[in-house]
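**Student:** Whatever this is, show me its structure:
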Amino acid sequence: MFSPKVVIFTSLFIFFCSFLSAQSESKNDTIMPAFVEDVFKFGEKVLDKLTFPVDDGVWVVYPSAGYGKRSGFEAGVMPVYSWRENGFENRKVNTLALLMQGSVKGDFRFMNDIEYFHKDKWRVDSRIDWFKGYDIYRKLNSNNSVDDKTRYSLKRRGASAEFLTRLSFSSGVHIGGELYAYHYDLDISDITTNVKGLYGGFVSGIGPVFMYDSRNHNLAPSSGFFLRGGVLVYDNLWFSDFDFVEYYFDIRQFNSVLGNSVLGFQYIYNYTSNDAPFFKLPELGGKDRMRGIGYSRWIVDKHIQMVRGELRFPVWWRFGGVFFTETGFAGDSFSAIYDDLMLTCGLGLRFRIHPREPLNIRFDAGFTSDGQSGFFVTLREAF
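**Tutor:** Below you'll find the predicted structure:
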């Protein structure tokens, strides 16, 4: 959900305070120095001050900070609100996540993500995003080092939303539509070739969505099947500066194994037609797709495919662990060539930020078959 490394300080802060709080629970039969008990009490108080229960849910507010080569030092705040509707089925948790973050190099981001379920009938996923900073231009299927990329200033603002309704004959089948509307202001002075989208513009798309969801929980499923497919049509009829079509397909399966552990699988396919601007091409890399590929080395092309498996298991108290492997392909056609496939393997740590809901901050470290690596800290599971 959030950009890589933006909440490293947050995560370390949580780990420190949580460790102190957890240790205090097991110290009842142990004689400890007074200063250690004072430290434990301080940790408990800090955690309490970051959590704000209300009638229908809980607010959790954490400071956020991090460091990256692209943005330098970053700092901000990350409030998260989770709640359930009265009488609603136990497997659906509504979440509102905010991020307000700035960096020493001039980046600033405001993001608002909502996942909302209403009366076991309607589902809404929406995002409002405002970003000012710079990004990196990537050639098709490029996998060069960061020094071979062209940086450009970027202002991006807009919103996207997905509205789904459950069909009456099935508990898992949903149909609906998706809206996408963003404006991109770019300044790329080092590229002289004819690249579509070189000067930015307004991008708006509308299209149908189909979903089947039998998972037993939307945040942390331990069983069930998930399928989502859709088409977004970008056209000047709804004021888009670019006319193209985007297709996407997402399949997931979850099974309980080894007691409290969960084994999950996912397949993703994403395609954009020839007239898509470069900043809307499908990507491999980052916190959600091929986690061994860092931000500056993302791979882009017209077609991307990815298959992955992930084992999730409890570790201790609010902490959990993950082992994952992913393989993906980016190219100008649907067919993948075996020699072009990239493999990622890695591991991760999870911290549940809510004492009752399985809403996690995740740390993921991945390593690719060609020597790349990536480290990401963000909210919610990768899939």
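**Student:** Only the buried residues of stretch 216-232, if you could.
**Tutor:** Counting neighbours by 16 or more other Cβ atoms under 10 Å, one finds that the buried residues in stretch 216-232 are 217-222, 224, 226-228, 230-232. Backbone N, C-alpha and C define where each C-beta goes, glycine included.
**Student:** okay, it in CSV with CA atoms only?
**Tutor:** Included here for stretch 216-232 are C-alpha records, laid out as CSV according to Å, rounded to 0.1, in the frame of the first residue of the first chain:
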residue,chain,number,x,y,z
ASN,A,216,-12.6,-16.6,5.5
HIS,A,217,-11.0,-13.2,6.2
ASN,A,218,-10.2,-10.2,4.1
LEU,A,219,-7.1,-9.1,5.9
ALA,A,220,-5.5,-12.4,7.0
PRO,A,221,-7.2,-15.4,5.2
SER,A,222,-6.3,-18.9,6.3
SER,A,223,-8.6,-20.6,3.7
GLY,A,224,-10.6,-19.9,0.6
PHE,A,225,-10.4,-18.9,-3.0
PHE,A,226,-10.2,-15.4,-4.5
LEU,A,227,-10.6,-14.3,-8.2
ARG,A,228,-10.7,-10.8,-9.6
GLY,A,229,-10.7,-9.7,-13.2
GLY,A,230,-11.5,-6.5,-15.0
VAL,A,231,-11.0,-4.1,-17.9
LEU,A,232,-10.3,-0.4,-17.7
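**Student:** Now do the strands in the stretch 251-383 of the chain.
**Tutor:** For the stretch 251-383 of the chain, the strands defined by DSSP state E, counting those that start in this stretch cover 261-272, 283-284, 299-300, 303-316, 319-331, 342-352, 360-368, 373-379.
**Student:** Need those in JSON lines (columns: mean pLDDT).
**Tutor:** Compiled in JSON lines, the strands of the stretch 251-383 of the chain are given as follows (pLDDT from 0 to 100):
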{"stretch": "strand 261-272", "mean pLDDT": "94"}
{"stretch": "strand 283-284", "mean pLDDT": "83"}
{"stretch": "strand 299-300", "mean pLDDT": "76"}
{"stretch": "strand 303-316", "mean pLDDT": "90"}
{"stretch": "strand 319-331", "mean pLDDT": "88"}
{"stretch": "strand 342-352", "mean pLDDT": "86"}
{"stretch": "strand 360-368", "mean pLDDT": "83"}
{"stretch": "strand 373-379", "mean pLDDT": "74"}
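**Student:** Turn those strands into JSON lines, columns for distance to Glu115 and mean neighbour count.
**Tutor:** Converted to JSON lines, those look like this (distance: least, Cβ to Cβ, whole Å; neighbours: other Cβ atoms under 10 Å):
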{"stretch": "strand 261-272", "distance to Glu115": "18", "mean neighbour count": "19"}
{"stretch": "strand 283-284", "distance to Glu115": "22", "mean neighbour count": "22"}
{"stretch": "strand 299-300", "distance to Glu115": "27", "mean neighbour count": "22"}
{"stretch": "strand 303-316", "distance to Glu115": "19", "mean neighbour count": "18"}
{"stretch": "strand 319-331", "distance to Glu115": "20", "mean neighbour count": "20"}
{"stretch": "strand 342-352", "distance to Glu115": "17", "mean neighbour count": "19"}
{"stretch": "strand 360-368", "distance to Glu115": "14", "mean neighbour count": "21"}
{"stretch": "strand 373-379", "distance to Glu115": "11", "mean neighbour count": "21"}
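**Student:** one step back: which members of the buried residues of stretch 216-232 are positioned in helices?
**Tutor:** Judged by DSSP state H, helices contain none of the buried residues of stretch 216-232.
**Student:** pLDDT and distance to Thr150 for those residues - can I get that in a markdown table?
**Tutor:** Below are the buried residues of stretch 216-232 laid out as a markdown table (pLDDT from 0 to 100; distance: Cβ to Cβ, whole Å):
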| residue | pLDDT | distance to Thr150 |
| --- | --- | --- |
| His217 | 84 | 43 |
| Asn218 | 83 | 39 |
| Leu219 | 82 | 38 |
| Ala220 | 84 | 40 |
| Pro221 | 90 | 40 |
| Ser222 | 90 | 44 |
| Gly224 | 94 | 43 |
| Phe226 | 95 | 37 |
| Leu227 | 96 | 38 |
| Arg228 | 95 | 34 |
| Gly230 | 96 | 32 |
| Val231 | 96 | 31 |
| Leu232 | 95 | 27 |
